[in-house]
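> how would this look folded up:
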Amino acid sequence: MTGARALTLAVDMIYRLRVSIRPLGLARLVSALAALGALLLIAPSLASAQSREEIARGKYIFGAAAGCGCHTEVDKAATALNAGGRKYQGPFGTVYSPNITPDPETGIGKWTDEQIITAIRSGRRPNGERLVPVHPYLTFNGMAEDDVRALVAYLRSVPPVRRANTPNKLMPLFESVFLPTWLAAFAPRETPPATAPTSGLARGEYLVRAVGHCGECHTPRGITQAVDNSRFLAGNPKGKGPEGSEVPNITPDKDTGIGKWTDEQIATFIGTGNRPDGDVAGGLMGEAIEGSSAGFKDLTKADLAAIVLYLRSIAAIKNKIGN
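So this is what the prediction gives:
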């Protein structure tokens, strides 16, 4: 029971008694007030427990979202978690990840919960500016409200770091003309569920498509740079993935994907990076697994099993990546 719920129950108790100055009325009023006092005493601890639970849930979502590693420079998680400054080179210019610590001057400390949620899911800053979709708001838009609010609680709990954002260096008219046009014409968005699925195929789909945003790296892109969902998770050859990386085919195709892997091998790879052939994931996948403060390595066995179930269910696409 939360502190707010305890208080509500106490007030409701008094209302239901409908006390009046009649025999036994005063005694019942005193009893109700005593109950109210007891509940008010435990309300702060209940609220604190709720807050800790919400933060823990938010940290888990943070890890399931690949630890939001874009916002932490390599090897600086211990001192500058979420402080931004990481550089990303794209066809439209150079982007530097912003500070998302609760620092009030250089981070998001003055943003309201709603403003943070709007940035996460809709890609807009409080001043209305659009975020460059290096931040995957087109997929995070599919995150359930309760998960996003828990994520916000976690973001507010990390130590604030005073670090001014590095300005992006983008091609002329990109933010004012090209980005709005691209979003309107080519950008598909995930649809958020009313509540986050808790198990089975629906849970796996939710974690892969919305939270883990796996398609952002593993799905080929067309000439417009929009993901081609007709080839969902079919991989990208070297030079086509994020930062020019090679990204494997993770559809259930038996020759070019993971169709011959066992369920345990797929789950082990997602949680540890260890492949059936003895190789180990590196690059962005390695970072996603390790995370900054949490990553794929922290996913529960049930969630890993749900992800495997979903990956088995998608269309097998023949697309050989690498040798």
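> where does this protein dip in pLDDT?
By pLDDT under 70, the low-scoring segments of the chain are 1-50.
> would you list every one of the strands in it?
Using DSSP state E, the strands found in the chain span residues 87-90, 93-96, 169-170.
> List the contacts of the second one.
Read it as strand 93-96. Here strand 93-96 makes contact (C-beta atoms under 8 Å, 6 or more residues apart in numbering) with 84-88, 132, 134, 165-171, 174. Heads up, the C-betas are built off the backbone N, CA and C, glycines and all.
> try 10 Å this time
70, 84-89, 131-135, 165-172, 174-175 (C-beta atoms under 10 Å, 6 or more residues apart in numbering).
> For the protein, which residue occupies the most central location?
residue 65 (4.0 Å; C-alpha atoms, centre = their mean).
> Now for that one: which residues touch it?
By C-beta under 10 Å, 6+ apart, the contact set of residue 65 is 120, 136, 139-140, 143, 147, 151, 207, 210-213, 288, 291, 294-296.
> What ranges does the protein have for its helices?
3-17, 25-64, 77-80, 113-122, 137-140, 145-157, 179-186, 200-206, 215-218, 263-272, 283-290, 301-313 (DSSP state H).
> And the fourth one, what does it pack against?
To tie it back to what came earlier, the one meant is helix 113-122. helix 137-140, helix 145-157 (3 or more C-beta pairs under 10 Å, 6 or more residues apart in numbering; DSSP states H and E).
> Which among the contacts of strand 93-96 count as buried?
Using 16 or more other C-beta atoms under 10 Å as the burial test, the contacts of strand 93-96 include 70, 84-86, 131-135, 166, 168, 170, 175 as buried.
> Next one: residue 275 relative to residue 286, how far apart?
Look at residue 275 and residue 286: by C-beta to C-beta, to the nearest Å, they are 12 Å apart.
> try residue 121
27 Å.
> before we move on, what about residue 220?
22 Å.
> Name the residue in the two with the higher neighbour count.
Counted by other C-beta atoms under 10 Å, residue 220 and residue 286 do not tie: residue 220 has more neighbours, with 23 against 13.
> so that one makes contact with residue 251?
No: judged on C-beta atoms under 10 Å, residue 220 makes no contact with residue 251 at a distance of 11.4 Å.
> wait, doesn't residue 314 sit right on residue 249?
No: contact criterion C-beta under 10 Å: residue 314 and residue 249 do not qualify, at 11.3 Å.
> more crowded one of these two?
Remark: of residue 314 and residue 249, residue 249 carries more neighbours, 25 against 18, as counted by other C-beta under 10 Å.
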